[in-house]
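Student: Have a look at this prediction, sequence included:
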Amino acid sequence: MPLLSRLSLRVFLLVAALVTTCGALVHLPSLVAFRTEYLEHRLIDAYMATLALRAGGTLTAAQTATLLERAHLVGIEVRSDAAELRLGTLAPVERDIRLDRESLGRRLLHTVQALFDDGQGLLRVSGAPPGEGVRGLWIAVTLDAAALRQAVRHHAIEALALSVAISLFTAGLVQLGLIHLLLRPVSHLTTQLMAFQADPYNTPPPRLIARADEIGALQRSLATMEIEVQTALQREARLAAIGGAVAHIHHDLKSILATVSFASARLADAADPRSRQLTELLAQSVRRAVHLCASTLDLARGETPVAQRERIDLAVLCAQAAAAAARPPAFQATADVPPDATVSGDPERLARVLGNLLANSYEAGARQAHLVARFTAVGWTIEITDDGPGLPEAARARLFEPFIGSAKAGGNGLGLATSRDIARAHGGDLSLVETGPHGTRFHLTLPPFAS
């Protein structure tokens, strides 16, 4: 993994950049104050340099030049109620600055100009010497703009260096805290996820950590998710093995069952009532075996798309399913479907779904079941209700999981699992709406037929 793509380095650079930016913004007012103080000191230097002259003293040309050089000035002009004094050259200036009238905004603007302007002209700064308390005294000094620019830039560089040092130190401290609190746990979680992606079957779940924050919750959720995914993968592997085995024996089993079905049909013609009763039991066993094979193959295929679709008359489909499931007088099944209800799909597979639901109602102890279809926003919704005792609490949570969600003793849980897969393969769904002592209600939704 490239160094610059690592989260820890990016966090460090981000913190350093933010602290440096904040430091630069904080030092900007100090830079304005430095420029103002620099100019005020020039006025004070001029005031102190002219004290002796205003008291009656004199200076030679060389002494005047030395005085101006040490004060970093080009010219000095002093006015008071008693006299007026000038030293040096009073040349034309580019800008006249009145310190006593300069607003904060103009000070900020002139500071930025002094920092970035490369002009070589002269500046004239005027005002009363600060802090001297001399009334009626006015001083104006002429100085080189380059000297002011050099002083401001030097102060700005020092402030920037200090900001960078503070930002790096602060970023390092923040980085240590983030590494302990966030980055190291995130790195461990990332490593765990990558290992799980590479080998989800054999990767052990992450070690649980006793943290009450979001990282701890994420780590515990990840461990739970990996355990659930591994359990699902193991179950899917077993189902795939079952599907493969059933696929190999399905053809031979169909031939065997066909022979048994033919023999039972011949026995049904026998005059002996006992033989006819045994024949009916034999036919039921054959149907259950065929149903088990078909359900297992559907489960192995999962939500496979419906390759061959045709227009299905929903009223006819529901009526046939109700007639096939009825066991009068013990169990009655009725259908109430509008005559114009049509859907698109595989009629055999949809008939198997309705047959599974009605057979479950009969086996659960219901005496009546009703199929009612109505058109809704999602298409045709078939409501399957019965008057049975309802599903047990243990079966409701995992009702549609194969080999787990069976609601009856000895059941394999394939019927509802394959029924929902078939419904979803048709673009619809199968869901449990309610169940209780007064009965159970399922909803089977199917998209309408598009001509």
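Tutor: Received, thanks. Numbering: from 1, shown residues only.
Student: residues touching residue 146, list them.
Tutor: residue 120 (C-beta atoms under 8 Å, 6 or more residues apart in numbering). The C-beta positions use only the backbone N, C-alpha and C, and glycine is treated the same way.
Student: pLDDT score assigned to residue 165?
Tutor: For residue 165, the model assigns a pLDDT of 83.
Student: Tell me which helix or strand it sits in.
Tutor: helix 145-178 (DSSP states H and E).
Student: centre of the chain versus that helix, how much separation?
Tutor: The chain centre lies 37 Å from the centre of helix 145-178; the measure is C-alpha atoms, centre = their mean, to the nearest Å.
Student: Can you name the next helix or strand after it?
Tutor: Counting by DSSP H and E, what follows helix 145-178 is helix 184-198.
Student: Let me know the angle separating that next one from helix 145-178.
Tutor: 60 degrees (axes from the mean of the first three to the mean of the last three C-alpha atoms, to 10 degrees).
Student: Which strands and helices lie in contact with helix 184-198?
Tutor: helix 214-267 (3 or more C-beta pairs under 8 Å, 6 or more residues apart in numbering; DSSP states H and E).
Student: before we move on, back to that, list the buried residues in the helix holding residue 165.
Tutor: 145, 148-149, 152, 155-156, 159, 163, 167, 170-171, 174-175, 178 (16 or more other C-beta atoms under 10 Å).
Student: Ok, stretch 60-75 next?
Tutor: In stretch 60-75, counting by 16+ other C-beta under 10 Å, buried: 64, 67, 68, 71, 72, 73, 74, 75.
Student: For residue 381, state which of these is nearest.
Tutor: Among the buried residues of stretch 60-75, residue 72 lies closest to residue 381 (C-beta to C-beta), at 92.1 Å.
Student: Okay, domains of this protein per the record?
Tutor: Split into domains by automatic domain parsing, the chain comes to 3-171, 224-296, 309-446.
Student: Among those, which one carries the weakest average confidence?
Tutor: domain 224-296 (a mean of 67).
Student: thinking again about what came up before, out of the buried residues of stretch 60-75, which two sit at the greatest distance?
Tutor: Checked with C-beta to C-beta, the buried residues of stretch 60-75 reach their widest spread between 64 and 72, with 14.5 Å between them.
Student: Residue 141 - that's part of a strand, no?
Tutor: Yes - assessed with DSSP: H, G, I helix; E, B strand; the rest coil, residue 141 lies in a strand.
Student: Thought residue 78 was touching it, still the case?
Tutor: No - assessed by C-beta atoms under 8 Å, residue 141 is found out of contact with residue 78, at 9.5 Å.
Student: Make sure I have this right: residue 46 is in a strand.
Tutor: No - per three-state DSSP, residue 46 lies outside any strand segment and is helix.
Student: where's it relative to residue 125, distance?
Tutor: As judged by C-beta to C-beta, to the nearest Å, residue 46 and residue 125 stand 9 Å apart.
Student: and the two? which has more neighbours close in?
Tutor: More crowded of residue 46 and residue 125, by other C-beta atoms under 10 Å: residue 46, with 27 against 24.
Student: What's the separation between the more buried one and residue 115?
Tutor: In terms of C-beta to C-beta, residue 46 sits 24 Å off from residue 115.
Student: got it, and residue 159?
Tutor: From residue 159 to residue 115 the distance is 11 Å (C-beta to C-beta).
Student: Spit out the residues that contact those two alike.
Tutor: Any residue near both residue 159 and residue 115 by C-beta under 8 Å, 6+ apart counts here, and that gives residue 31.
Student: Centre of the chain to stretch 428-444, how far?
Tutor: For stretch 428-444 - counting by C-alpha atoms, centre = their mean - the centre lies 34 Å from the chain centre.
Student: same check, this time on stretch 144-155
Tutor: For stretch 144-155, the distance to the chain centre is 52 Å (C-alpha atoms, centre = their mean).
Student: Go through the domains of the chain and name the closest to residue 192.
Tutor: Of those, nearest to residue 192 by C-beta to C-beta is domain 224-296, at 7.9 Å.
Student: Could you check the helix or strand containing residue 111 and say which residues are buried?
Tutor: Element membership for residue 111 (DSSP H and E) is helix 104-116. For helix 104-116, the neighbour count (16+ other C-beta under 10 Å) marks 107, 110, 111, 113, 114, 115 as buried.
Student: can I get the residues you listed in TSV with distance to residue 337?
Tutor: Shown next, in TSV, are these (distance: C-beta to C-beta, whole Å):
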residue	distance to residue 337
107	87
110	88
111	85
113	86
114	89
115	85
